[in-house]
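Trainee: Any chance you could fold what I've pasted below:
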Amino acid sequence: MRKQPRQQRSRDMVDRLVQATAHCMTLHGLDGFTTHQVADEAGVSVGSLYQYFESREDLVQALMDKVMSQLVHGLNTQVLGKTTDLREVVELAVRFGFAFLRADDGLGLEMVRNWHRLPTQNVVRLLQDVLMDFMRLYLLKNPTHRQPQRLQVRGFIVANSVVFTMIRAISEPSPFLNEDDLAQELVQMVVAYLES
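Mentor: Residues are numbered from 1 along each chain as shown. The predicted model follows:
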């Protein structure tokens, strides 16, 4: 961001601009939306937009930051806050992930279609961190678990393989796969791998 909003009115305007970015990106696609459309959607002048955001890329980055914040909050409250049972956590996390990607009237789908072009490296890193936090809790409650020293590597593999599988399933639907079957297989794979 070009400058940080200090007053509540400015913070509200920046929030509206980020929300308008999500709406415009959903309607027009990542390549099709403009800063003028975002400003119009937010009900502010283009000059006001440029006081806080230097470019479309800055708007997209702010949107990704907001999405990451929502993702962490959802994982913490709807998944990790519910149970410490490994199978339940993995199942809740996979189901939450699919729902999260399908939410927001198509924003998740547009982001998935353009995953390789968005600043997503922080998303996967964040998922790895959340998974590591859970695994630490799991190990505290299950101290007999074998090979905790391999946890970092396993967290990396699980986060990346699950995210990539979900992205492929949503962006390139197959008539041979349905989401429930895929979710069940992902849960089975992750639990078996983490417990081995």
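
Trainee: CA atoms for contacts and neighbours, from now on please.
Mentor: OK.

Trainee: Mean pLDDT per helix and strand in the protein: which one sits at the bottom?
Mentor: Within the chain, no helix or strand scores below helix 121-141, which has a mean of 74 by mean pLDDT, DSSP states H and E.

Trainee: helices or strands up against it?
Mentor: helix 56-74, helix 151-171 (3 or more C-alpha pairs under 8 Å, 6 or more residues apart in numbering; DSSP states H and E).

Trainee: Any idea which of those helices has the lowest pLDDT on average?
Mentor: Among the helices and strands packed on helix 121-141, helix 151-171 carries the lowest mean pLDDT, a mean of 85.

Trainee: ok, Lys3 to Gly106 distance?
Mentor: 30 Å (C-alpha to C-alpha, to the nearest Å).

Trainee: neighbour count winner among these two?
Mentor: Gly106 (17 against 10; other C-alpha atoms under 10 Å).

Trainee: Quick check: the gap between that one and Ala99.
Mentor: Distance from Gly106 to Ala99, by C-alpha to C-alpha: 11 Å.

Trainee: What's the local residue count around Leu127?
Mentor: 21.

Trainee: give the contact list for it.
Mentor: Ala159 (C-alpha atoms under 8 Å, 6 or more residues apart in numbering).

Trainee: From His36, how far off is it?
Mentor: On the measure of C-alpha to C-alpha, Leu127 and His36 end up 33 Å apart.

Trainee: Adding mean neighbour count and distance to Arg136, write the helices and strands packed on helix 121-141 out as JSON lines.
Mentor: Shown next, in JSON lines, are those (neighbours: other C-alpha atoms under 10 Å; distance: least, C-alpha to C-alpha, whole Å):
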{"stretch": "helix 56-74", "mean neighbour count": "17", "distance to Arg136": "17"}
{"stretch": "helix 151-171", "mean neighbour count": "17", "distance to Arg136": "9"}
